[in-house]
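# sequence and predicted structure below; questions after.
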Amino acid sequence: MFFVAVGAAFFVGCASLPPGWDEYKSAMKCHFQGKDKECDQDYEKAIEKNDKLQGVHASYGTHLLKRGEVQPAQEQFKKEIENHPVSETSVNLAFKNVKHPDSTVSALRKTSGGK
């Protein structure tokens, strides 16, 4: 019985979400609802709570880029890549998708070996 209780406590502790996740989730929901500038506050809160939260800078950058705010978007993309180098391909695709929507399919084909 002791091992079951310890195991349950371990899994509950592992299942907790990283700091900033709730704000990030709220920002993404806001973004997909098309609320535009109303979402900035949630993105900024998420980043304030956890600057290393994977995806938050890329998502915020995409949000800013869709509004035409290229320089702040590039800063967010740069932070995402600095924090998570593995995100570089997705960040590049997001940037190309907003600037040149037709390029996403061809970029995906290049990264997947032309399939």
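That came in fine, so what should we check first? Numbering: from 1, shown residues only.
# drop to CA atoms for contacts and neighbour counts, all remaining ones
Noted.
# how much space separates Ile47 from Lys96?
24 Å (CA to CA, to the nearest Å).
# pick out whichever of the two has more residues nearby.
Shown here are Ile47 and Lys96; by other CA atoms under 10 Å, Ile47 has more neighbours (20 against 15).
# can you tell me the SS state at the residue nearest to Glu38 when sequence neighbours are not counted?
Leaving aside its sequence neighbours, Glu38 sits nearest to Cys30 (CA to CA, 6 or more residues apart in numbering; 7.4 Å). At Cys30 the chain is in helix, as set by DSSP: H, G, I helix; E, B strand; the rest coil.
# my read: Cys30 touches Cys39, true?
Yes: here Cys30 reaches Cys39: they are 5.5 Å apart, a contact under CA atoms under 8 Å.
# give me the pLDDT for the residue lying closest to Lys52 once chain neighbours are set aside.
Distances taken as CA to CA, 6+ apart put Asn83 closest to Lys52, at 6.0 Å, once the chain neighbours are dropped. The score at Asn83 is 95. That number is its pLDDT.
# didn't Asn83 look like it was pressed against Val56?
No: using CA under 8 Å, Asn83 makes no contact with Val56, being 10.4 Å away.
# higher neighbour count, the two?
Between Asn83 and Val56, counted using other CA under 10 Å, Val56 has the larger neighbour count: 27 against 16.
# if I look at the closest residue to the more buried one other than its chain neighbours, how far off is Pro85?
Excluding the flanking residues, the one nearest Val56 by CA to CA, 6+ apart is Tyr24, at 6.5 Å. Computed as CA to CA, the Tyr24 to Pro85 distance reads 20 Å.
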